[in-house]
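Participant: Can you look at this prediction? I've put the sequence above it.
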6 protein chains.
Amino acid sequence: MKLDYAQMTWGEAGGASDRLAILPLGATEQHGPHLPLTVDTVLATGVARALADRIGAVCLPPITYGDAWNNEAFPGTISLSPETLAAVITDVGRGVERIGHPALITLNGHFGNRGPAAEAAVRLADVGLPVLALDYPGLEDIAARHCDSIPAGNHFFHADEVETSMMFALAPDVVRLDKAAPEYPEFPEDFGTRPMQLREFNESGAFGDPRPATAEKGAAMIAEIVENCLPLIAAFCEENRIGAPAWPR
Amino acid sequence: MKLDYAQMTWGEAGGASDRLAILPLGATEQHGPHLPLTVDTVLATGVARALADRIGAVCLPPITYGDAWNNEAFPGTISLSPETLAAVITDVGRGVERIGHPALITLNGHFGNRGPAAEAAVRLADVGLPVLALDYPGLEDIAARHCDSIPAGNHFFHADEVETSMMFALAPDVVRLDKAAPEYPEFPEDFGTRPMQLREFNESGAFGDPRPATAEKGAAMIAEIVENCLPLIAAFCEENRIGAPAWPR
Amino acid sequence: MKLDYAQMTWGEAGGASDRLAILPLGATEQHGPHLPLTVDTVLATGVARALADRIGAVCLPPITYGDAWNNEAFPGTISLSPETLAAVITDVGRGVERIGHPALITLNGHFGNRGPAAEAAVRLADVGLPVLALDYPGLEDIAARHCDSIPAGNHFFHADEVETSMMFALAPDVVRLDKAAPEYPEFPEDFGTRPMQLREFNESGAFGDPRPATAEKGAAMIAEIVENCLPLIAAFCEENRIGAPAWPR
Amino acid sequence: MKLDYAQMTWGEAGGASDRLAILPLGATEQHGPHLPLTVDTVLATGVARALADRIGAVCLPPITYGDAWNNEAFPGTISLSPETLAAVITDVGRGVERIGHPALITLNGHFGNRGPAAEAAVRLADVGLPVLALDYPGLEDIAARHCDSIPAGNHFFHADEVETSMMFALAPDVVRLDKAAPEYPEFPEDFGTRPMQLREFNESGAFGDPRPATAEKGAAMIAEIVENCLPLIAAFCEENRIGAPAWPR
Amino acid sequence: MKLDYAQMTWGEAGGASDRLAILPLGATEQHGPHLPLTVDTVLATGVARALADRIGAVCLPPITYGDAWNNEAFPGTISLSPETLAAVITDVGRGVERIGHPALITLNGHFGNRGPAAEAAVRLADVGLPVLALDYPGLEDIAARHCDSIPAGNHFFHADEVETSMMFALAPDVVRLDKAAPEYPEFPEDFGTRPMQLREFNESGAFGDPRPATAEKGAAMIAEIVENCLPLIAAFCEENRIGAPAWPR
Amino acid sequence: MKLDYAQMTWGEAGGASDRLAILPLGATEQHGPHLPLTVDTVLATGVARALADRIGAVCLPPITYGDAWNNEAFPGTISLSPETLAAVITDVGRGVERIGHPALITLNGHFGNRGPAAEAAVRLADVGLPVLALDYPGLEDIAARHCDSIPAGNHFFHADEVETSMMFALAPDVVRLDKAAPEYPEFPEDFGTRPMQLREFNESGAFGDPRPATAEKGAAMIAEIVENCLPLIAAFCEENRIGAPAWPR
């Protein structure tokens, strides 16, 4: 039995309520000319499932819309406001607590979700549910080791070799590498200091060069992301006095 | 090309912005001892995709959590509050309008979502986006024609022959018919008049007898639901002066 | 002494705090050419008072504005948003709980109030106040037995023989039967599936034929509605372990 | 025809949309041992109707619950939060504007409603609806001229000769003067500077001596309140360039 | 050591947590041609510090923006909405309670803040924090004794001899008396009954004659305001069973 | 004339409405054993004033409370919720827009304010006010060049040589260097991934070694922060087509 709500019955969910619960946070957002709009959801869900397998946790259904305001100038991007997204995560957290899980891990695949996820984590902590808010820990180093292309910079991994490789590993049918083309946009000097549509300086939606992407690289990167999560989860469980999951080391 | 955000790039989304957009509304909720917690999302998405194919509309990613308050006494049920759910649909609607779609169709697979979907539809109508809020039109008649079991009554189609058949048609791998068992709960006299956990009078989570379910029945019912949507969409488009989609008749 | 806040002092309210409290939910909305804008408030209050008398409950002052969005195209219709209406009912419920009543019954006279009333009922249930949300139970059957006109269909009882008769029974001075005229509007095919102003297909505001209305019919229908409430209240009290009111049978 | 929504049809409301609209603001609150809990609604509605008659304005249905927080220690008091009350008034104001009335007058009969009424007035002014927020203008002088009892002080007119007289004029059947008794509470030194339940220093709920109340005094005071409103309305109309109503002088 | 957060470390704040906490409520608002936009913050903070010294309480940092809607027609006025201001005071109150202070005193220097301060006080009282909401107690009498100019009336002390004298006592460098000029505006007949920009009838922003202002008058008035606070605080502490501060008498 | 609301009259504010407006964002938060609780407000205001001088912009009054949730375990820390803080900044931005300023710069001195400031910036951008959200640009490099102590790491500059030096430059009277002591806390492995009270691993409230702090270092660092702001402001003005301020180069 996979510990995934997409396969579990309510009885199985009840039986697994002493385990950690993992909530993938995705988005609906442009991902260049070669990837579909659901990349962030596919990747966050894939990583969350791999992590759930690894530590014996339960994987919840993903949040499929995120805060992608700065990509709204590209069609196909549909956002929740940060207030709405924080409310969604908070409501899910309350459900997780009601079921009896000792803690929630949010596994986030989209930069714009960080603020709302952190805000929801504080709200849930204030009412007694420990929350660990993970992105892809150590991604910058992982990418440097596995990728052949030069990153676009500014900690951006978007529709590039990293995301394209991970998509090849998780959902190869929807990757159209023949449409992929490199773009190394020049970031404005005041990048990060004002509300800014990325389309102002980015034409294709890709950041970097997706062309060397392979499924092997993607699988390897996902596996390393999962391993990087483990010590964080161990520390989190210890600090919250949650019986550490007995994952194989 | 499928007109599905799970496969479309932003360029394709931009090129399809003159089409209707369909938003599947799912839920995370108990579905008896033989079906997973994601049934409502799987079914709403499956019907929405079939409808999108039929009329040349765009299928958006599903909302994966709904208002399932009255099933919360069963583990595995995780709800959004009605306010949060209405906010989610409203935010998605604003994104749909920004992209330029002439209208939004919500395709709802979970009873508890009706109120919030209707509320969001009014809000969006007030700011200029026509919204058609569909459930599964004509389901009661369709079920009567295709199913062999007696319905549980009270317009309830939950973890029964209907939903199990549709799951067989859409996601057979997660159906465990060997676990299926009939339950015909006795509805309390004041059913529908007070906040009530269904678990008060329902033990297994199933309403009716899922055992005669087959993929063929499911496929046939989905096809009829889709056909039942067509005249509603035609009337909706005419009333809102939206160029009627030229679907094959 | 009538157990009606319109006649009770605070001392009497305190002495009756072990009884059920009934809150009439009205509206301010067009009711055709022959009835005033306050029909829903007058009727809900009248039925609530009759019910309070019958079971020894306390009748609270009515909510005088409801959610009548779909009649706003007719002048004289003034709505609360569903959020505001749910907040009003919730606040009143909290007051009822503070006073010490064991439960609240909302007695609703206007269709558009159902969603907000149900939402408020869940919120109040979550904080410990049992709420029974009644409309006019069994009205369709009652109307069929007492009325001479053909109903307009679609479960619509609005400015018709039913409401006009009940107004004759409760507030005859404001009924102007000479202005009454029948209208059997053709409901659009997509009725109930999108935000829709009733005025799009209804000219006079009446649904059906009010002309055969009489006070006798109205009084009889009110009495039957009240009787239909009794088993629902009995079940509600039993489920919530509220000492069943000892009404005469 | 009375210009009162309790008697008007939608057609008549449409025909009167060029007139001022008056909204009575009441409350559900303790009023001593001799008056019912609905006094503030009865009085505000009575004064509003008299004012509407006087100036040819339309009288809307009253708001029946107000912000009576500081009387909640007496049973029978049921409050809206100030946020909810402001939302109610704002929603009604938007309806008034939609119908086309040039302005809204709130006629308030309960002290605790002043803040929310003023807040709603600002919100409505910001979206273009002029609002005049009246209490009972000049009541202190009027009371001094007509009443025989000594006022309780601190601008308090609550369950005293003033309110009891006005109730005698408007709803004599629910006044029980035989239960009336004087109470001259000693106001705490920090009265008005902290959230304070009046019951801390007031036993009966009455402030002053209601016993000399008569219907004649009540009718005279209502008439003078109405006259005191006129110059305020005239100034308000002039400042907002609303064609001054041609009331008889 | 001054008990002022502007000088205290967290250790000192912890050591003073058994004392009363005073929160100055200021505003950013026009104050005539001779005073800066921060007058209300400067004065409220100055009075709060003097009061804190007098009774051994802790002075918190001031709220620097208030609800100054009716001065927004003058540039330099920047308001919080009443909802936002009430939320700010409520959040600060929750922090005060968390630290352990037995009660909060808000010391308000701006008329428009009264409603939101009272609303926040009720909310905080409902969750267990006693709040005393002071303005400048007895200011009208104090002003009459110390000032040489005639007040503008209507209980208005704005950019006049009172405020200018207090500014001379607290922040003389930013007073430009050479720019001061008297203005005695004629208040509209409906003043106080509708949302009204003061600039409609007030040209300079001053109300009265600031020219006779002196630092001595200001210091004397501040000292008397502080003394007037003492009995209110004593009563407040007694009613809330807070060990009365042992201030020198 | 200083372009600072603390010194400006409304007339001067009106005359400067074509200039940029700068809003300092402070906090009320523990700052170790040697600095007061208002450090972040003092520093943000000091830097904002220096920047305003440099570019001819207007300096607004500071926000004095921020989101300091993760320091709440230290007494003396008082937070706004992120929602409240975002509302405050949004309200101030609306006032800035009403006055006519072409844009708002938030100058933030406290890490926890970043999310709410960014959220408010998006809201304001959506209604037409350009917002540049600055912290202390380039602080890490500046600190490395000017400071003698080793930083505590993790981009933390809190109650250390940097902040203490800047306090010496701006408010030397409230610095008590004799109380200063170094602390190099060990950051938990999962730092930054869950809601975490800093006090869990930090005893004194200081991060690093404040002892080598001097006023000269502080003044130099402030001057460099200001210079680092200039190209960001220039780019921001150009992108928003705001006439670039003609500051001396």
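Facilitator: Right, received. Where do you want to start?
Participant: At the geometric centre of chain A, which residue sits there?
Facilitator: Nearest to the geometric centre of chain A sits A:Gly109, at 1.9 Å (C-alpha atoms, centre = their mean).
Participant: got a list of what that residue touches?
Facilitator: Neighbour list for A:Gly109: A:Pro24, A:Leu25, A:Gly26, A:Ala27, A:Asp40, A:Thr41, A:Leu43, A:Ala44, A:Val47, A:Asp135, A:Tyr136 [criterion: C-beta atoms under 8 Å, 6 or more residues apart in numbering or on different chains]. Backbone N, C-alpha and C define where each C-beta goes, glycine included.
Participant: one more time with 7 Å
Facilitator: By C-beta atoms under 7 Å, 6 or more residues apart in numbering or on different chains, the contact set of A:Gly109 is A:Pro24, A:Leu25, A:Gly26, A:Asp40, A:Leu43, A:Ala44.
Participant: for A:Trp69, same thing?
Facilitator: With C-beta under 7 Å, 6+ apart, A:Trp69 has these contacts: A:Ser79, A:Gly112, F:Val122.
Participant: quick one, longest helix in chain A?
Facilitator: For chain A, the longest helix by residue count, based on DSSP state H, is helix A:215-239.
Participant: got the buried residues for that helix?
Facilitator: With burial defined by 16 or more other C-beta atoms under 10 Å in any protein chain shown, the residues of helix A:215-239 counted as buried are A:215, A:217-222, A:224-226, A:228-230, A:232-237, A:239.
Participant: try stretch A:126-140
Facilitator: A:Leu129, A:Pro130, A:Val131, A:Leu132, A:Ala133, A:Leu134, A:Asp135, A:Tyr136, A:Pro137, A:Leu139.
Participant: Chain neighbours aside, what residue packs nearest to the third one?
Facilitator: If I follow you right, that is A:Val131. Counting by C-beta to C-beta, 6 or more residues apart in numbering or on different chains, A:Val131 lies nearest to A:Ala121, which is 3.9 Å off, once chain neighbours are set aside.
Participant: Ramachandran angles for A:Phe74?
Facilitator: A:Phe74 adopts backbone torsions of phi -90, psi 130, taken as degrees, to the nearest 10.
Participant: nope, A:Phe207 is what I was after
Facilitator: Here is the backbone geometry of A:Phe207 (degrees, to the nearest 10): phi -120, psi 100.
Participant: ok, now A:Gln197?
Facilitator: The phi/psi pair for A:Gln197 (degrees, to the nearest 10) reads phi -80, psi 130.
Participant: Just confirm it contacts A:Ala73, I think it does.
Facilitator: Yes - using C-beta atoms under 7 Å, A:Gln197 is in contact with A:Ala73, at 4.1 Å.
Participant: For A:Asp160, list the residues it contacts.
Facilitator: By C-beta under 7 Å, 6+ apart, A:Asp160 lies in contact with A:Ser149, A:Ala152, A:Ala206, A:Phe207, A:Gly208, A:Asp209, A:Pro210.
Participant: Which residue, other than its chain neighbours, is closest to it?
Facilitator: Using C-beta to C-beta, 6+ apart, the closest residue to A:Asp160 is A:Gly208 (3.6 Å).
Participant: how many neighbours does that neighbour have?
Facilitator: 26 (other C-beta atoms under 10 Å in any protein chain shown).
Participant: who touches it in this structure?
Facilitator: A:Ser149, A:Ile150, A:Pro151, A:Ala152, A:Asp160, A:Glu161, A:Pro182, A:Tyr184.
Participant: Just the pLDDT for the last one.
Facilitator: Taken from the predicted model, the pLDDT recorded for A:Tyr184 is 97.
Participant: Check chain A for the residue nearest chain D and tell me.
Facilitator: Chain D sits closest to A:Glu83 of chain A, with a gap of 17.1 Å, by C-beta to the nearest C-beta.
Participant: ok so that residue is a helix residue?
Facilitator: Yes - per DSSP: H, G, I helix; E, B strand; the rest coil, A:Glu83 lies within a helix segment.
Participant: In three-state terms, label whichever residue of chain A sits closest to chain C for me.
Facilitator: Of all residues in chain A, the one sitting closest to chain C is A:Arg94 (10.7 Å; C-beta to the nearest C-beta). Following three-state DSSP, we place A:Arg94 in the helix state.
Participant: That one - how many residues pack around it?
Facilitator: Number of residues near A:Arg94 (other C-beta under 10 Å) recorded here: 20.
Participant: go on, A:Gly76?
Facilitator: A:Gly76 has 30 neighbours, counted by other C-beta under 10 Å.
Participant: Tell me the pLDDT of it.
Facilitator: For A:Gly76, the model assigns a pLDDT of 98.
Participant: who's in contact with A:Pro82?
Facilitator: A:Asp67, A:Gly115, A:Pro116, F:Glu119.
Participant: ok, now how distant is it from chain E?
Facilitator: According to C-beta to the nearest C-beta, to the nearest Å, A:Pro82 stands 17 Å off from chain E.
Participant: how much space between that residue and F:Ala86?
Facilitator: Distance, A:Pro82 to F:Ala86, by C-beta to C-beta, to the nearest Å: 9 Å.
Participant: A:Glu224 too?
Facilitator: As judged by C-beta to C-beta, A:Glu224 and F:Ala86 stand 36 Å apart.
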